[in-house]
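**Student:** Below is the sequence, then the predicted model.
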Amino acid sequence: MKVIVFIYGIVSYALGVASLLYLICFLSNIVVPKTIDSAPVGAVAPAVLVDLILVGLFAFQHSVMARPGFKERWTRIVPKPAERSTYVLMTGLVLALLCWQWQPIEGVVWNVEGAVGKGLLQALFWLGWVILFASTFMINHFDLFGLRQVYLRLKNQPYRPVPFVEVALYRFVRHPIMLGLLIGLWATPSMSVGHLLFAAATTVYIFIGIFLEEHDTRRALGETYERYRRETSMIVPLPRSRT
């Protein structure tokens, strides 16, 4: 059973990371067969409805499965060490569904043609994803994606939660992963109507997700997180405000 759970964790990790890499290509219109700006296949109104449902489905799965109450009930069904891996797997599958069924919408919101401006926006796009991935390693990448839990189970070692730390970017911004994602969503030389819809809807969800996450974290860590929250900016990196 331990080996099966470990293999399950590795497969879930691989699929989760692969779906995130696919999203990057999807948004940047490279490599993958269908991107956010592929040729439209239908009328605008149905496309908008389908796209909003897809983003809503991702938001629902991503938020509900992250809540402590759901985790408590869910681990009565799945082995506790596999809970995070299952979350990563489901997130990857829903994200893959979103990219697969996304309905592109034509129309240009902005298009930067100058070499300097275009190059800067492309560089900013890739910087956003570097920030996102780097931020996962600043805390504990393998715990965040479920590998640490299944590895400890394989080694018959008890799981201990990763301690709350204020390191690197986390000293200046509470949610650098979301900062990187926001940059990746909006930094593009050519913003189509469909891309704008995706970026705007996902941005709304990001701030809802931050609110829910911080609510849970404040309940778990109490004054430690309250102090951190008072002193550290949510999204925009700023000098610490000592109180």
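**Tutor:** Thanks, I have it.
**Student:** need the strands for this structure, in chain order.
**Tutor:** Taking DSSP state E as the test, the strands found in the chain are 108-111, 190-192.
**Student:** Skipping its backbone neighbours, what lies nearest residue 2 in space?
**Tutor:** residue 154 (5.1 Å; Cβ to Cβ, 6 or more residues apart in numbering). From N, CA and C alone the C-beta is placed, and that goes for glycine too.
**Student:** Can you report how many residues lie near that neighbour?
**Tutor:** Residues near residue 154, counting by other Cβ atoms under 10 Å, number 15.
**Student:** hey, which of the strands of the chain is tucked in deepest?
**Tutor:** The highest mean neighbour count among these, using mean count of other Cβ atoms under 10 Å, belongs to strand 190-192: a mean of 18.
**Student:** Give me the residues contacting that strand.
**Tutor:** 36, 37, 104, 105, 106, 107, 108, 109, 110, 111, 112, 199 (Cβ atoms under 8 Å, 6 or more residues apart in numbering).
**Student:** Settle this for me: the third one is touching residue 44, isn't it.
**Tutor:** Looking back up the chat, that one is residue 104. No: Residue 104 is beyond contact range of residue 44, at 10.5 Å (criterion: Cβ atoms under 8 Å).
**Student:** quick one, which of those two is more surrounded?
**Tutor:** Per other Cβ under 10 Å, whichever of residue 104 and residue 44 has more neighbours is residue 104, with 20 against 14.
**Student:** Quick check on that one: phi, psi?
**Tutor:** phi -60, psi 150 (degrees, to the nearest 10).
**Student:** of all the strands of the chain, which lies closest to residue 16?
**Tutor:** Ranking the strands of the chain by proximity to residue 16 (Cβ to Cβ) places strand 190-192 first, at 27.0 Å.
**Student:** which stretches of this protein form helices?
**Tutor:** 2-28, 44-64, 68-74, 83-101, 115-139, 141-144, 147-154, 176-186, 193-221, 223-231 (DSSP state H).
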